[in-house]
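A.B. asks: Fold the following for me, if possible:
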Amino acid sequence: MAVQSKNGKAYEYACLIVFKRFLENSDNTVEILAADAVIVAERDYALLSTDLRNKMDKAAMAAVKVIARLEPMLTNSYNERLFLTLQPDKAGKEGDVRDILALRKDSDWEIGISCKHNHAAVKHSRLSKTIDFGDKWLQIPCSEEYFNDILPVFNMLEELKAGGIEWKAVKNKEDEVYVPILNSFVKELRRLEAEHPAIVPQRFLSYLLGRNDFYKVISRNTKKVTQISAFNIYGTLNKSFEKIKPQTIVPRLIMPTEFYDIRYKSNSKNTIITTCDNGWAISMRIHSASTMVESSLKFDVNLVGIPQSLYTQYEPWQ
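C.D. replies: Got it, this is the predicted structure:
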């Protein structure tokens with residue numbers, strides 16, 4: 001996990017500097033804004049092997065070529081400075097999954113980019129006996145019944161944590177921990193949807209994807225391609241610059257209004273699949289993110305179903 005995290009930060013920096021090199025010219029001044037996140041990412045990038053650094057640079061170059069064709073504001077302005085920066089990790093916890101921001105301050109314009117190195121996970125969120133996922137995710141508080149249901153399991157985890165127990169030593173953890181927590185989670189999610197139809201599915205996905213439009217760029221090292229997807233949910237991407245239009249039109253995505261089905265993945269006791277209307281489906285695997293038992297559990301979330309209208313381009317490396 002530590003190596004994956006460091007490589008992820010390094011890839012963010014690779015995208016940052018490659019974007020700067022590609023976009024800056026005599027008519028386009030580009031500046032990287034100083035930030036702690038930039039310092040950390042630059043350090044992790046510098047520690048990479050030469051081979052991996054070159055691969056990340058190629059992956060980033062493929063991404064910027066595509067995004068530049070979709071966003072005329074990146075390369076056109078009235079000599080207005082373009083700023084690039086990296087966001088801190090806390091931005092994701094607050095609902096903004098974008099890693100890189102590109103801004104033209106005078107024009108009040110910005111786009112964001114989420115960088116993923118060899119994985120496509122959406123958002124990692126936790127459950128505990130005190131976390132109100134309804135309030136945090138959906139702005140609708142969970143019921144007292146939900147907290148009463150999960151309390152015995154998390155109390156047990158606290159006792160195991162106090163005893164310094166490793167997860168691998170916990171017997172029947174799927175039946176004793178994962179299944180009861182997931183059952184309570186699904187039951188509460190269904191209750192919230194029943195009380196607030198149409199609202200909950202949309203807010204559920206908005207929380208997982210973030211509350212801002214963004215481009216997701218995923219380096220696929222084994223295939224030597226970069227996957228670029230445009231999550232244009234709120235209609236802020238793909239804007240023209242005066243008479244200069246994007247080379248390709250990116251459609252606006254339609255959010256879900258209904259949960260069709262929420263059930264366990266086949267032959268799994270730790271993963272649920274939530275299927276929605278308008279082409280969305282979400283996989284949520286619950287697990288411990290550490291060697292030792294903790295008093296909370298973590299979701300690994302992936303999109304396993306996406307609308308056909310989602311603009312996606314696979315750009316080969318050169």
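
A.B. asks: At which residues are the strands of the chain located?
C.D. replies: 30-32, 82-86, 100-104, 109-117, 124-127, 214-220, 225-231, 259-264, 271-276, 281-287, 297-305, 311-316 (DSSP state E).

A.B. asks: looking at those strands, which is closest to residue 133?
C.D. replies: Residue 133 lies closest, by Cβ to Cβ, to one member of those: strand 124-127, at 6.3 Å. To be clear about C-beta, it is placed using only N, CA and C from the backbone, and glycine gets the same treatment.

A.B. asks: starting at the chain centroid, how far to the helix or strand that that closest one is followed by?
C.D. replies: Counting by DSSP states H and E, the next helix or strand C-terminal to strand 124-127 is helix 133. The chain centre lies 17 Å from the centre of helix 133; the measure is Cα atoms, centre = their mean, to the nearest Å.

A.B. asks: Name the stretch among the strands of the chain that sits most buried.
C.D. replies: Compared across the strands of the chain, strand 214-220 shows the largest average neighbour count, a mean of 24 (mean count of other Cβ atoms under 10 Å).

A.B. asks: got the angle between that one and strand 297-305?
C.D. replies: 90 degrees (axes from the mean of the first three to the mean of the last three Cα atoms, to 10 degrees).

A.B. asks: Quick one: mean pLDDT for strand 214-220?
C.D. replies: Average pLDDT, strand 214-220: 95.

A.B. asks: If I take it and strand 109-117, what angle do their directions form?
C.D. replies: Between the axes of strand 214-220 and strand 109-117, defined by the same axes, to 10 degrees, the angle is 30 degrees.

A.B. asks: For strand 214-220, which strands pair with it and how are they oriented?
C.D. replies: Using DSSP bridges, strand 214-220 pairs in its sheet with strand 109-117 (parallel), strand 225-231 (antiparallel).

A.B. asks: By mean pLDDT, show me the worst of the strands of the chain.
C.D. replies: Looking at the strands of the chain, the lowest mean pLDDT belongs to strand 124-127 (a mean of 88).

A.B. asks: Show the contacting residues for the residue nearest to the spatial centre of the chain.
C.D. replies: The residue lying closest to the centre of the chain (Cα atoms, centre = their mean) is residue 122, at 3.5 Å. Residue 122 makes contact with 97, 208, 209, 282, 301, 302, 303, according to Cβ atoms under 8 Å, 6 or more residues apart in numbering.

A.B. asks: Check what pLDDT residue 118 gets.
C.D. replies: Residue 118 is assigned a pLDDT of 64 by the prediction.
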